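*Asks:* Have a look; sequence and predicted model below, questions after that.
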Amino acid sequence: MSFPEVVRLLRRMIAINMANSLAYRGDFVFYMLSIVLGPVISVLIWQTAIASGADLPVDQTYLTSYFVLLGVVSMLTSAWLSMFMAEEIRNGRLSVWLARPGSFLYEMAANNLAEKAFKLVILAPMILVFGLFFRDSVSVSAPAWRWAIVALSVALAACITFSLDVIEGSLAFWIDDVSGLARARSLLVMVLAGQLVPLALMPEWARGFIDAQPFRFVLSFPLEIVVGELPPGEIVSGLVLQAMYTVLFVVTARAIWSRGKRSYAAVGA
């Protein structure tokens with residue numbers, strides 16, 4: 001398919017997936033609420049720790065601003081296709097997509113973009129209320145150029161996460177159950193991406209590994225740019241490393257997916 005044809009196909013798929021999302025708007029509201037509640041609880045815990053005299057490498061403003069923005073950045077960079085892809089491979093329904101001109105990955109990308117657009121509408125007012133409640137210790141007044149870089153970094157992070165999901169889901173061509181891998185990666189993301197604890201609180205002896213490992217660039221790095229006010233030199237080096245990880249995982253995902261399709265032999269394939 002030519003690039004214009006792919007764009008038209010994706011536009012139609014996104015429209016269909018957005019219409020489908022409307023049927024589950026109540027579920028999305030509760031899901032977005034759960035995304036906000038975690039950071040709210042984290043802010044309260046860290047504020048209590050600081051008030052009790054905890055000696056941290058960052059101040060209360062950093063922590064509160066980090067967790068206020070965490071929910072929206074986490075949502076924008078997330079993906080959830082690996083288990084769906086594995087199920088399609090296992091039960092043979094993938095064979096339907098192999099007979100169509102458009103790739104199954106286009107459907108997954110369209111679903112990802114459509115749900116994110118719908119979730120953002122629901123999540124934005126919740127984040128606004130969250131920020132207003134803790135407004136005395138929130139600072140997100142970064143210059144416009146930093147926000148522009150954050151937007152680029154979030155896009156690259158979303159590509160990395162989507163590619164990792166494709167890699168994980170594609171392993172179902174050879175492995176019967178990938179749920180264990182999914183849980184292991186979820187645990188790694190919670191710790192190494194800064195979802196559970198900001199990476200700025202990690203011990204100094206682990207800084208080299210923490211700053212270079214790929215999971216930092218699926219969540220923490222975009223937040224560090226605007227909340228941590230990274231120096232321009234560190235932003236440039238971070239973007240270069242993030243772009244390298246993006247290329248690496250995209251190429252790997254494409255290779256594994258293509259090889260898996262060639263050897264596909266599930267029921268109905």
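*Replies:* Arrived safely. Please read all numbers here as calculations on a predicted model, not as lab measurements.

*Asks:* contacts, neighbours, all on C-alpha from now
*Replies:* Will do.

*Asks:* List the contacts of residue 250.
*Replies:* By Cα atoms under 8 Å, 6 or more residues apart in numbering, the residues touching residue 250 are 159-160, 163.

*Asks:* My error: substitute residue 88 in the last question.
*Replies:* Counting by Cα under 8 Å, 6+ apart, residue 88 has contacts residue 94.

*Asks:* and the gap between the residue lying closest to residue 222 once chain neighbours are set aside and residue 63?
*Replies:* Using Cα to Cα, 6 or more residues apart in numbering and skipping residues adjacent in sequence, the residue nearest residue 222 is residue 150, 5.1 Å away. Distance, residue 150 to residue 63, by Cα to Cα, to the nearest Å: 18 Å.

*Asks:* With respect to residue 258, which of the contacts of residue 250 is nearest?
*Replies:* residue 163 (13.2 Å; Cα to Cα).

*Asks:* so how far is residue 89 from the closest one?
*Replies:* For residue 163, the distance to residue 89 - Cα to Cα - is 17 Å.

*Asks:* quick one on the thing from earlier: need the contact list for the residue nearest to residue 222.
*Replies:* So, once contact is read as Cα under 8 Å, 6+ apart, residue 150 ends up touching 222-223, 225-226.

*Asks:* Isn't residue 32 up against residue 116?
*Replies:* No. Checked against Cα atoms under 8 Å, the pair residue 32 and residue 116 is beyond contact range at 10.8 Å.

*Asks:* who touches both of the two?
*Replies:* The contact sets of residue 32 and residue 116 do not overlap (Cα under 8 Å, 6+ apart).

*Asks:* got a pLDDT number for the residue nearest to residue 222?
*Replies:* Residue 150 carries a pLDDT value of 95.

*Asks:* any idea which of the contacts of residue 250 has the most stuff around it?
*Replies:* residue 160 (28 neighbours; other Cα atoms under 10 Å).

*Asks:* Need the nearest residue in space to that one, chain neighbours excluded.
*Replies:* Nearest in space to residue 160, with sequence neighbours left out and distances taken as Cα to Cα, 6+ apart, is residue 246 at 5.2 Å.

*Asks:* tell me the secondary structure for the one you found?
*Replies:* helix (DSSP: H, G, I helix; E, B strand; the rest coil).

*Asks:* Tell me the confidence at it?
*Replies:* Reading off the model, residue 246 has pLDDT 97.

*Asks:* For it, give me its contacts.
*Replies:* Residues in contact with residue 246 (Cα under 8 Å, 6+ apart) are 156-157, 159-160.

*Asks:* And residue 168, by the same measure?
*Replies:* 82, 178, 181-182 are the contacts of residue 168 under Cα under 8 Å, 6+ apart.

*Asks:* Selecting buried members of these in ChimeraX, what would you type?
*Replies:* To isolate the buried ones among the contacts of residue 168 in ChimeraX, judged by 16 or more other Cα atoms under 10 Å, type:
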select :82,178,182
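
*Asks:* Alright, calling it a day.
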